[in-house]
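1. Okay, here's the prediction I keep looking at, along with the sequence it came from:
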Amino acid sequence: MTRQVLIQQTIDHLSKLPDQKIKEVSDFAEFLLSKLEEGLLTEGIKKLTTDSKSFQFLEDEEDLYTEADLKEKYK
C-alpha cells in the first residue's frame, strides 16, 4: 500500500470513531512525532560532537601514567 492510500484509510477510520477516540489517536500521533523529532535531534547532536574539533587536544595529550606505575595488575 502506498502512503497516500494508508492516510486515506486512516482518515476513513477516524471519521467513524467517537470524539474521545479521535482525541486518543491525535495524542498518539503527536507522541510519535515527538519521538521522531527527538531521535533526529539526538542524531544531529551526535554528528556535531563527532565532527567537532573541540576535544581534539585530548588526542595529542601525552600519557601521564603507564603500566609500570601500577602497584597491582588485575586480569
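-> Ah, there it is. Numbering: from 1, shown residues only.

2. all helices in the chain, in order from the N-terminus.
-> Residue ranges of the helices in the chain, as given by DSSP state H, are 3-16, 19-51.

3. nearest to residue 63, of those?
-> Among these, helix 19-51 comes nearest to residue 63, with 23.4 Å by CB to CB. (Each C-beta comes from the backbone N, C-alpha and C, glycine too.)

4. what mean pLDDT would you report for that closest one?
-> On average, the pLDDT along helix 19-51 is 94.

5. just the angle between that helix and helix 3-16, please?
-> Going by axes from the mean of the first three to the mean of the last three CA atoms, to 10 degrees, helix 19-51 is angled at 140 degrees with respect to helix 3-16.

6. Any idea how far helix 19-51 is from the middle of the chain?
-> Relative to its chain's centre, helix 19-51 lies at 8 Å (CA atoms, centre = their mean, to the nearest Å).

7. counting contacts, what elements does it pack onto?
-> Judged by 3 or more CB pairs under 8 Å, 6 or more residues apart in numbering; DSSP states H and E, helix 19-51 is in contact with no other helix or strand.

8. repeat that with 10 Å
-> helix 3-16 (3 or more CB pairs under 10 Å, 6 or more residues apart in numbering; DSSP states H and E).
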